[in-house]
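[1] Here's a sequence, model it:
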Amino acid sequence: MSTLGRAELEALIEEAMVDAYGEYEQRTGLFTMLEEHLDVPFTTALLGVEVTVRGVDLTPDGGIVALC
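    Just a heads-up that it's a prediction; the model follows:
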């Protein structure tokens, strides 16, 4: 598993937002970047419970969620 530094994360976020106009396009750009670069599956803790994140998705109202 690789870990990105703060500068690398900020560069990815900037790339995701470069042509985005408005909150919806920004969120979609961030989601696309996560979907392309997130190394899944991985395990993490959520509210003290170990979970396996298998991917990300967009909710009907435009939220980004982890699929565990």
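
[2] so who does the residue nearest the centre of the chain touch?
    In the chain, the residue lying closest to the centroid (Cα atoms, centre = their mean) is L34, at 3.5 Å. Counting by Cβ atoms under 8 Å, 6 or more residues apart in numbering, L34 makes contact with V56, I64. (Glycine included, C-beta is placed from N, CA and C.)

[3] what comes up buried for the helix or strand containing it?
    Here L34 sits within helix 22-37, counting by DSSP states H and E. Within helix 22-37, the residues scored as buried using 16 or more other Cβ atoms under 10 Å are R27, T28, G29, L30, F31, M33, L34.

[4] Show me the strands in the chain, by range?
    Along the chain, counting by DSSP state E, strands occupy 42-46, 49-53, 55-58, 64-67.

[5] same for the first one, what does it pack against?
    Put plainly, it is strand 42-46. With contacts taken as 3 or more Cβ pairs under 8 Å, 6 or more residues apart in numbering; DSSP states H and E, strand 42-46 sits against strand 49-53.
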